[in-house]
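Chemist: Everything below, folded, please.
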Amino acid sequence: MQHTLAFITLLACSLMQTAFAAEQQGPEPLAISFMTQFYDVPAEAVKVKVMPRGKFEALVEAEAAGHFCEFEAVQLPKGTSAKYGWAAASMRCGE
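Modeler: Numbering: from 1, shown residues only. Purely as a prediction, here's the structure:
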């Protein structure tokens, strides 16, 4: 019984890690996530423009349903548990 429970737990953790690894990384999916949450729009409705500012930084513009956000994004160190591997350093939104 303990071996079965341990196997099931290991399998579940493995599947979660695989799903996380398959998640798209970068400032674009981060922007899409923000816009879908802030403005309740589908991901397909979000238009994103990423302008790199060096190896680990980018200026990101996102637009959806008449809403506009601009933010600076920075890449986080490897091994960080951030979903997209990037974080917003600053954000400005309006219509």
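
Chemist: quick check, residue 88 in a strand?
Modeler: Yes - applying DSSP: H, G, I helix; E, B strand; the rest coil, one finds residue 88 inside a strand.

Chemist: can you count the residues close to the nearest residue to it once chain neighbours are set aside?
Modeler: Using C-beta to C-beta, 6 or more residues apart in numbering and skipping residues adjacent in sequence, the residue nearest residue 88 is residue 71, 4.7 Å away. Glycine gets a C-beta too; all of them are placed from N, C-alpha and C. Neighbour count for residue 71, taken as other C-beta atoms under 10 Å: 20.

Chemist: what do you get for residue 51?
Modeler: Residues lying near residue 51 (other C-beta under 10 Å) number 10.

Chemist: and what of residue 37?
Modeler: 9.

Chemist: Show the pLDDT at it.
Modeler: Looking at residue 37, its pLDDT is 95.

Chemist: can you tell me the helix or strand for it?
Modeler: Counting by DSSP states H and E, the element that carries residue 37 is helix 27-39.

Chemist: Return the distance of that helix from the chain's centre.
Modeler: In terms of C-alpha atoms, centre = their mean, to the nearest Å, the centre of helix 27-39 is set 7 Å apart from its chain centre.

Chemist: Please apply the same query to stretch 31-40.
Modeler: On the basis of C-alpha atoms, centre = their mean, stretch 31-40 sits 10 Å off its chain's mean C-alpha point.
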